[in-house]
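S.K.: Based on what follows, work out the 3D shape:
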Amino acid sequence: MELQKLSNGSHNGEFAPLEDGFMAEQEEFLPHKSDGKKKTQFTDFEGKTSFGMSVFNLSNAIMGSGILGLSYAMSNTGIILFLILLTSIAVLSSYSVHLLLKSAGVVGIRAYEQLGKRAFGNPGKLLAAVVITMHNIGAMSSYLFIVKYELPLVIQAFLGKHSISGEWFLNGNYLIIIVSICVILPLALMRQLGYLGYTSGFSLTCMVFFLCSVIYKKFNIPCPFETFSNSSINTTSHDECEWKTFTVNQQTAYTVPILAFAFVCHPEVLPIYTELRNPTKRRMQSIANVSILGMFVMYLLTAIFGYLTFYGNVEAELLHTYSKVDPLDKLILCVRVAVLMAVTLTVPVVLFPIRRALLQLLFPDKPFHWVRHISIALCLLFVVNLLVIFVPNIRDIFGIIGATSAPSLIFILPGLFYIRIVPTEQEPLRSKTKIQAACFTALGFIFMTMSLTFIVLDWITGEKRSGGAH
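M.R.: All right, here's what the predicted structure looks like:
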């Protein structure tokens, strides 16, 4: 699937603009009805992936484990403020894809790393590749962490065991190795990302089941309710069963970065664009808009119904809250299985852009070769498994990665690429569109500064609370 060489007289990584590149730039951010004429922008790769499969893959790239924490985020903002923030981030994410596609259309490049090279030379290419690799390794690790800690509990529940004993099949470290070899690796060895549309569709179906269960539980769990923890029973009060429209507390500041990270899909946009059948910017923008809108609806419904079930008692991990109310609930057990399958099937989709970035960085002029294709997948899974197994507290490491890579991929790099790549003859630096792109980039730096500040403050207050003990 990897894009190695472009036509139109490309030499040593340099790319000539397409004849219809400037005309194509007139396409709008929100697609409208076309005139029925198909314009071929790229001749480097004959894509075969359908519109629907592309939507499944991009939606699966957007959907992450962060959906489990959205109800908690809503409890710290209130329904109205959460809706405003979620809508704003979704629109900004779609606009970011728009900037990427316009930049790609001008120069005929559908590789994030090559856009970086066209904008800033080899340093830009290296920066893009490093950011994508860091972010997606962090995402893969977070998914496998869920497998490591949730799968033993699911197996334990199915076996009817009350505690995890010394059996090897209840050891999370062994389980992630087995899952990586038996499920993730075969899918990651596929040559084209488009083939994963079927598994992405199944993964999204699992998350739809999760959403339906959250909605059902809203009408099945009355408030006040009892919670079970440490062999004790606690009962909530009627005062805790009131929803809030707008609230601000110490945790509210974390909501914006959380929501921004929930819509990161940009490393996958151009690889999906590469394999799209009949590729045009309008068609790819439609895929992005449909995917982001679908995830927006799922995020909003999950947050609302989860919050209206537990109100101020909702915890950072929604499924854990359900388990405290009814530890033996069979439906929640099934939901846990569905979430495990969903995050497992997302790992191969996230792995493809990393391999593409490494190929662009290390072997930019080499044709496709199965040995490189397989070797990079094996090495990536090996590194991620080592991280998940041997790093006891990986939250801070991935906190730093997320605070720097997510704003870079959504805001900073697309804005900078657009400003540098689109010719000044077409759009001067003081044009409305480039000023918007500059403001968009500045917003990314603000998000990055906020996120890093919150992480540092959390480290400081965490050390005070724990007294230095782990």
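S.K.: quick one: low-confidence ranges for the stretch 1-150 of the chain?
M.R.: 1-47, 65 (pLDDT under 70).
S.K.: where do the helices sit along it?
M.R.: 21-24, 51-62, 70-75, 79-107, 112-120, 122-159 (DSSP state H, counting those that start in this stretch).
S.K.: dump the residue contacts of residue 61.
M.R.: For residue 61, the contacting residues are 265, 267-268, 346, 349-350, by C-beta atoms under 8 Å, 6 or more residues apart in numbering. For the C-beta atoms, the positions are set from N, CA and C on the backbone; glycine is no exception.
S.K.: and if you look at residue 139?
M.R.: Remark: with contacts taken as C-beta under 8 Å, 6+ apart, residue 139 is in contact with 64, 350.
S.K.: again, but for residue 125
M.R.: 113-114, 116-117, 360-361.
S.K.: sorry, back to before: now, among the contacts of residue 61, which is nearest to residue 57?
M.R.: residue 349 (6.0 Å; C-beta to C-beta).
S.K.: Number of residues surrounding that closest one?
M.R.: 29 (other C-beta atoms under 10 Å).
S.K.: Is it correct that it falls within a helix?
M.R.: Yes: following the definition DSSP: H, G, I helix; E, B strand; the rest coil, residue 349 is counted among the residues of a helix.
S.K.: ok, it - contacts?
M.R.: By C-beta under 8 Å, 6+ apart, the neighbours of residue 349 are 57, 60-61, 193, 196, 200, 268.
S.K.: what about 10 Å?
M.R.: 56-58, 60-61, 63, 136, 139-140, 187-188, 193, 196-197, 199-200, 203, 265, 268, 271-272 (C-beta atoms under 10 Å, 6 or more residues apart in numbering).
S.K.: Residue 126 too?
M.R.: 113, 116-117, 120, 357, 361.
S.K.: sorry, back to before: out of the helices of the stretch 1-150 of the chain, nearest to residue 446?
M.R.: Smallest distance to residue 446 across the helices of the stretch 1-150 of the chain (C-beta to C-beta): 12.2 Å, for helix 79-107.
S.K.: Helix 112-120 and that closest one, what's the angle between them?
M.R.: Put simply, helix 79-107 runs at 70 degrees to helix 112-120, going by axes from the mean of the first three to the mean of the last three C-alpha atoms, to 10 degrees.
S.K.: Okay, strands next: where are they in the stretch 201-350 of the chain?
M.R.: 226-229, 232-235 (DSSP state E, counting those that start in this stretch).
S.K.: for the last one, packing partners?
M.R.: For strand 232-235, the packing partners by 3 or more C-beta pairs under 10 Å, 6 or more residues apart in numbering; DSSP states H and E come out as strand 226-229.
S.K.: For the strand it packs on, give me every contacting residue.
M.R.: 233-236, 310, 313, 315, 321, 323-328.
S.K.: and it, which strands flank it?
M.R.: strand 232-235 (antiparallel) (DSSP bridges).
S.K.: Tell me the buried residues in the partner strand?
M.R.: Residues of strand 232-235 classed as buried by neighbour count (16 or more other C-beta atoms under 10 Å): none.
S.K.: and if you look at stretch 428-448?
M.R.: 433-434, 437, 440-441, 443-444, 447-448.
S.K.: tell me how far that stretch is from the chain's mean position?
M.R.: Relative to its parent chain, stretch 428-448 has a centroid offset of 23 Å by C-alpha atoms, centre = their mean, to the nearest Å.
S.K.: average model confidence for it?
M.R.: Throughout stretch 428-448, pLDDT has a mean value of 91.
S.K.: send the alpha carbons of stretch 130-142 over as PDB?
M.R.: Provided in PDB are the C-alpha atoms of stretch 130-142 (Å, rounded to 0.1, in the frame of the first residue of the first chain):
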ATOM      1  CA  VAL A 130       8.600  11.300  13.900                       C
ATOM      2  CA  VAL A 131       5.300  12.900  15.100                       C
ATOM      3  CA  ILE A 132       3.200  10.300  13.300                       C
ATOM      4  CA  THR A 133       5.400   7.500  14.700                       C
ATOM      5  CA  MET A 134       5.300   8.800  18.300                       C
ATOM      6  CA  HIS A 135       1.500   9.400  18.200                       C
ATOM      7  CA  ASN A 136       0.500   6.100  16.700                       C
ATOM      8  CA  ILE A 137       2.900   4.000  18.900                       C
ATOM      9  CA  GLY A 138       1.200   5.700  21.900                       C
ATOM     10  CA  ALA A 139      -2.200   4.900  20.500                       C
ATOM     11  CA  MET A 140      -1.300   1.300  19.800                       C
ATOM     12  CA  SER A 141       0.100   0.900  23.300                       C
ATOM     13  CA  SER A 142      -3.000   2.400  24.900                       C
END
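S.K.: dump the residue contacts of residue 225.
M.R.: So residue 225 contacts 234-236, 240-241, 309-310, 313, 324-326 (C-beta under 10 Å, 6+ apart).
S.K.: Residue 58 versus that one, what's the distance?
M.R.: 38 Å (C-beta to C-beta, to the nearest Å).
S.K.: now swap in residue 88 and tell me
M.R.: Remark: distance between residue 88 and residue 58 (C-beta to C-beta) = 20 Å.
S.K.: Also residue 191?
M.R.: Residue 191 sits 19 Å away from residue 58, going by C-beta to C-beta.
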